[in-house]
Each structure stands twice: as structure tokens, then as C-alpha cells.
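*Asks:* no sequence for this one, just the structure:
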């Protein structure tokens, strides 16, 4: 399914893209994408509003610099609220992934480093991303670059390299 993007990389779906999503069984996800405005979209949104159902979000071009746009995107994580855990809930979720004391200690050490770098929202998003990819049968790679040094990311399933097994230093990933 090809979609258009603007100069900032914001994707927007055409009516055909939306129809493809519906025919492929993803109608429930249509309301989370940006779509090009059209009479059809307006009619659809009126019907959804009348039924108390989620409306489609129209793409509206914005006039900002790439730097301003990136700053906004990095401060507003676009994921369902169920994934936006506070630090203590996120830590409990991660701690439950440990199979032994050695894994627990590594997860704890890395989690505190993520927290100290202000990256707990990133970890929340990683949980969402993996769940989204699994639900939609999206294949992702084994791992790439310094991220494979992170045991937390391994346990979340972002990559498939067990950094404890290979004695990789997680500081390679979160270095200042």
C-alpha cells in the first residue's frame, strides 16, 4: 500500500489506501492514520459522529521547520494511552521479564540508565511498536548497530541478540 508523504515525512492515506485497509481486515485502525480530505471522508466522518464512533483524522499541512517538527514529535508519542506507563509501572513490567537474578540486575541497571537519559517514553513506545508489528504480521530484523547491546530492548523483542549471552556492554548503546 503506497501512501503519500509530505516534506516532513508525515504520511497521509488516500481513499484507496483506506479501502485497502478495510478490505484487508484493518478497519479498526483507519481512525489512527491521517487521510487526505475529500467529500467521501467528510461524509464518512458525519456518519461516524452520528453513531458515536471514531472519526478519521484529516491530514492538514503544517508550515514548520524540520527541527521544530522533530521536537514536537519527540515530545508527543503517538501510541495508545494503555502503553503510556509511568516509570514505576514500566519498571515493574520490565522486571517481570527477568528469568533469573542476573537478568533482573541487568534490566535494572539498564532501566535506570534509560530513565536517567529521559528515555522511558521510548521504552513504552518500543512495547507498543512490537505489539503493533506482531498484530499486523510485520517482519523486522535481527538487530542493528549498538542497539543490540541493550538487554532491555532484547527482552522487549526489538532485536534478537541476547547481549548477556554475548557479553555486550549496554553502555555502547546509551553512551553520552
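*Replies:* Sure, I can see it. Only a predicted model underlies this, so the values are computations on that prediction, with no experimental measurement involved. Numbering: from 1, shown residues only.
*Asks:* Can you name the element that comes right after the worst-scoring helix or strand of the chain on mean pLDDT?
*Replies:* In the chain, no helix or strand scores lower on mean pLDDT, DSSP states H and E than helix 66-75, which sits at a mean of 73. As assigned by DSSP states H and E, the chain's next helix or strand after helix 66-75 is helix 87-95.
*Asks:* any residues touching that next one, and which ones?
*Replies:* Helix 87-95 is contacted from outside by 85, 104, 107-108, 111, 115, 120, 123-124, 127, 152, 155-156, using C-beta atoms under 8 Å, 6 or more residues apart in numbering. For every residue, glycine as well, the C-beta is placed using N, CA and C.
*Asks:* Now do the most centrally placed residue in the chain, the pLDDT please.
*Replies:* Nearest residue to the geometric centre of the chain (C-alpha atoms, centre = their mean): residue 129, 3.9 Å. As predicted, residue 129 sits at a pLDDT of 93.
*Asks:* got the contact list for it?
*Replies:* Here residue 129 is in contact with residue 158 (criterion: C-beta under 8 Å, 6+ apart).
*Asks:* In three-state terms, label it for me.
*Replies:* Following DSSP: H, G, I helix; E, B strand; the rest coil, residue 129 is assigned to helix.
*Asks:* now it: how far from residue 51?
*Replies:* Noted for residue 129: a distance of 31 Å to residue 51, by C-beta to C-beta, to the nearest Å.
*Asks:* Kindly report the domain assignment for this structure.
*Replies:* Per automatic domain parsing, the structural domains of the chain span 4-75, 81-172.
*Asks:* Of these, which stretch is the most buried?
*Replies:* Highest mean neighbour count of these: domain 81-172, a mean of 15 (counted as mean count of other C-beta atoms under 10 Å).
*Asks:* what's the distance between it and the middle of its chain?
*Replies:* Counting by C-alpha atoms, centre = their mean, to the nearest Å, domain 81-172 is centred 13 Å from the centre of its parent chain.
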